[in-house]
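In: model this:
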Amino acid sequence: MTHIDDLVAFVRGELGAAELASAREHVAACAECAAEVKALEGVFGVLAKTEIEPSPNFVHVTARLAAKTVTVQRGGWDKVAYIVTRPIFGYPAWAVSAAVHLLALGVLTFVAVDQSKKRTGGEDTLAVVENRPKNFARPDDSSERPFILPPTGEFALFLGNRGDAAARAALLKKNGGEETARAVDGALGWLASKQDKDGSWAPDGGQPAYRTAATALATLAFLGHGDSHLKGDHQQNVGAALAWLRTQQGTTGRIGPDQGAVLPQHAIATAALAEAFAMTGDTSLRDPLSNAVSYLAGSKSPRGGWGSAMGTEPDAVTTSWAMTALRIADASGIETARAPLGAAVAYLDSLTTPDGLTGLRDAGKFPNGSATPTAAALFARRWTGLESADVAKRSSALTAPDGTDYTSAQFTALAAIGTPAWEATNAAMKQGLLPRQNADGSFRADKWSGYGGSVCATAMATLALETYYRYPA
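Out: Numbers count the residues shown, from 1 in each chain. Modelled structure (predicted):
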């Protein structure tokens with residue numbers, strides 16, 4: 001347990017079996033945490049008696065705001081805010097205590113108002129106005145359209161222009177990918193036809209536990225083409241997918257299951273929310289995205305990276321997905337997204353040898369080959385301050401994709417574009433991927449299809465073929 005939301009979820013009985021066991025062990029061994037649990041139990045006990053349900057994020061937001069008052073400056077590209085007191089669940093003990101006592105104060109206020117209403121017999125009621133759309137799948141209905149803010153920052157502005165077909169065509173031509181447009185259109189059409197009524201995608205031919213990953217990857221494929229829930233040929237698909245992803249977010253901020261590949265799926269889902277927010281400025285996405293970012297920040301390993309779940313050994317690929325989500329969220333104005341990136345940069349650099357090869361969990365060790373972790377790490381580091389000369393040098397370590405591993409192809413293409421390795425990588429990617437597309441638009445299985453099925457395979461291949469215009473090169 002490394003995050004205040006986990007403590008609240010523990011007290012409220014909302015943790016899954018895997019996290020619950022870890023939480024119980026931690027609380028039993030930590031006197032301070034046990035005291036916080038006792039305090040929270042008292043607060044939520046009072047709430048239960050008053051029939052008042054506070055926002056599930058109240059304690060988290062209060063602690064975060066309190067903790068932000070103490071900062072130091074770090075050097076380098078990020079100069080991140082850093083909490084200088086010993087953290088408990090991601091925040092200092094005094095910040096957690098402040099949150100608990102503020103919550104208690106709020107409860108007493110609610111109780112006083114409630115009792116006053118009972119004494120006076122007043123009939124007035126409070127109307128709660130929620131500033132978010134009721135149905136993401138109907139953005140054409142102006143009565144339900146959310147308040148929109150423009151994207152901020154150069155990176156977010158690039159994403160905000162994704163829907164421009166002329167700009168997309170120009171980037172396709174510039175980067176040598178005109179012949180991929182038909183393949184992408186076919187793949188997106190197939191994905192749209194496979195979406196379930198609830199907005200999600202089943203990992204056909206894979207494992208049911210990977211539904212979050214399948215849905216998030218399919219959403220990213222539509223977003224990568226410039227379709228959002230407010231604009232584009234597939235806006236209904238994107239709207240329904242975003243709505244489903246939000247239903248999978250619990251009080252901890254985590255999106256998806258609590259067992260198995262928890263963090264990879266959460267990171268990909270967070271990236272989907274971040275891209276949608278950056279592309280549209282839809283403010284109804286800000287809080288879910290901020291909460292998802294907070295969960296990522298709190299689940300970071302002491303080594304600086306992320307693994308399959310809290311408490312597991314981190315790896316380069318999951319870390320790169322997490323950094324992707326954080327970098328996009330940071331560019332779109334989520335202020336808490338930048339702080340975890342400094343440690344993540346150091347972690348990836350510790351896995352990378354002087355010749356540019358990145359190990360999966362340890363430098364020089366490649367249990368599944370060097371191609372994917374090397375490409376993923378280089379892509380993530382290009383976004384986090386790696387000098388252009390170093391990018392060019394490390395790009396020589398990239399392995400040309402052969403079409404049997406779409407995850408590797410996606411990261412390799414993203415790492416290579418704009419570097420001396422791009423021409424060879426682009427040629428190999430098209431030669432390897434395009435022949436693997438079926439007549440219906442889907443892509444044949446790759447080495448990971450046993451997990452995510454045909455939806456994940458098709459979405460990942462599509463993301464690779466969208467490299468020409470997905471992000472600034």
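
In: elements contacting whatever helix or strand Ala267 lives in?
Out: Using DSSP states H and E, Ala267 falls within helix 262-280. If you count contacts as 3 or more Cβ pairs under 8 Å, 6 or more residues apart in numbering; DSSP states H and E, helix 262-280 packs onto helix 153-160, helix 211-224, helix 235-247, helix 286-298, helix 316-331. C-beta: built from backbone N, CA, C; applies to glycine.

In: possible to save those as JSON lines with distance to Thr270?
Out: Shown next, in JSON lines, are those (distance: least, Cβ to Cβ, whole Å):
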{"stretch": "helix 153-160", "distance to Thr270": "15"}
{"stretch": "helix 211-224", "distance to Thr270": "8"}
{"stretch": "helix 235-247", "distance to Thr270": "9"}
{"stretch": "helix 286-298", "distance to Thr270": "4"}
{"stretch": "helix 316-331", "distance to Thr270": "4"}
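
In: what's the neighbour count on Gln259?
Out: Gln259: 13 surrounding residues under other Cβ atoms under 10 Å.

In: that one reaches Thr212, doesn't it?
Out: No - in this structure, Gln259 is not within contact of Thr212 by Cβ atoms under 8 Å, at 11.9 Å.

In: what residues go with each domain of this protein?
Out: Structural domains assigned to the chain are 4-117, 142-470, following automatic domain parsing.

In: quick check: Ala28 is in a strand.
Out: No - per DSSP: H, G, I helix; E, B strand; the rest coil, Ala28 lies outside any strand segment and is helix.

In: contact partners for it?
Out: Ala34 (Cβ atoms under 8 Å, 6 or more residues apart in numbering).

In: tell me the pLDDT at it?
Out: Looking at Ala28, its pLDDT stands at 71.

In: from Ser350, how far out is Arg303?
Out: Separation of Arg303 from Ser350 (Cβ to Cβ, to the nearest Å) stands at 8 Å.

In: quick one, which of these two is more surrounded?
Out: A side-by-side neighbour count of Arg303 and Ser350, using other Cβ under 10 Å, places Arg303 first with 17 against 14.

In: secondary structure class for that one?
Out: coil.

In: low pLDDT regions in the stretch 151-300 of the chain?
Out: Within the stretch 151-300 of the chain, the stretches with pLDDT under 70 are 151.

In: give me that answer again for 80
Out: 151-157 (pLDDT under 80).

In: nearest residue to the middle of this structure?
Out: Nearest residue to the geometric centre of the chain (Cα atoms, centre = their mean): Thr270, 1.8 Å.

In: is the nearest residue to Gly260 once chain neighbours are set aside in a helix, a strand, or coil?
Out: Distance criterion Cβ to Cβ, 6 or more residues apart in numbering; nearest residue to Gly260, sequence neighbours excluded, is Ala209 at 4.8 Å. Of the three states, Ala209 takes helix under three-state DSSP.

In: isn't Ala209 right next to Gln259, touching?
Out: Yes - contact criterion Cβ under 8 Å: Ala209 and Gln259 qualify, at 7.4 Å.

In: tally of neighbours for Ala363?
Out: For Ala363, using other Cβ under 10 Å, the count is 12.

In: that one belongs to a helix?
Out: No - membership of Ala363 in a helix is not supported by three-state DSSP, which gives coil.

In: the nearest residue to it once chain neighbours are set aside: what's it in contact with?
Out: Among residues not flanking Ala363 along the chain, Leu351 sits closest, at 5.1 Å (Cβ to Cβ, 6+ apart). Contacts of Leu351 were listed using Cβ under 8 Å, 6+ apart, and they are 316, 358-363, 373, 377.

In: now render these as CSV, adding pLDDT.
Out: What follows is those, written out as CSV (pLDDT from 0 to 100):
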residue, pLDDT
Ala316, 98
Thr358, 98
Gly359, 98
Leu360, 97
Arg361, 97
Asp362, 96
Ala363, 96
Pro373, 98
Ala377, 98
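
In: now which of those would you call buried?
Out: Among the contacts of Leu351, those buried by neighbour count (16 or more other Cβ atoms under 10 Å) are 316, 358-361, 373, 377.

In: dihedrals phi and psi, the closest residue in space to Asn426 that isn't next to it in sequence?
Out: The shortest distance from Asn426 to any non-neighbouring residue, by Cβ to Cβ, 6+ apart, is to Gly176 (5.5 Å). Recorded main-chain torsions at Gly176 are phi 80, psi 50, according to degrees, to the nearest 10.

In: burial measure for Gly176, as a count.
Out: Counted with other Cβ under 10 Å, Gly176 comes out at 15.

In: now the helices for the stretch 351-473 of the chain?
Out: Under the criterion DSSP state H, counting those that start in this stretch, the stretch 351-473 of the chain contains helices at 371-382, 388-395, 406-416, 422-433, 449-465, 467-470.

In: thinking again about what came up before, and the domains of the chain, which is most packed in?
Out: Most buried of the domains of the chain by mean neighbour count (mean count of other Cβ atoms under 10 Å) is domain 142-470; its value is a mean of 21.

In: enumerate every residue touching Trp448.
Out: Contacts of Trp448 by Cβ under 8 Å, 6+ apart are 405-407, 456-457.

In: repeat the analysis, applying 10 Å as the threshold.
Out: By Cβ atoms under 10 Å, 6 or more residues apart in numbering, Trp448 lies in contact with 206, 210, 368, 372, 404-408, 456-457, 460.

In: what is the nearest of those to Tyr295?
Out: Tyr210 (18.7 Å; Cβ to Cβ).

In: so the closest residue to the closest one other than its chain neighbours versus Gln431, what's the distance?
Out: Closest residue to Tyr210 apart from its sequence neighbours, by Cβ to Cβ, 6+ apart: Pro203 at 4.4 Å. Shown here: Pro203 relative to Gln431, a distance of 27 Å by Cβ to Cβ.

In: over to Gly224?
Out: Taken as Cβ to Cβ, the span from Gly224 to Gln431 is 21 Å.

In: what do you get for Asp258?
Out: 41 Å.

In: pLDDT wise, what is the residue nearest to Ala363 at?
Out: 98.

In: how near is it to Thr319?
Out: Here the criterion is Cβ to Cβ. By it, Leu351 lies 9 Å from Thr319.

In: same thing with Tyr210?
Out: Tyr210 is 19 Å from Thr319, by Cβ to Cβ.
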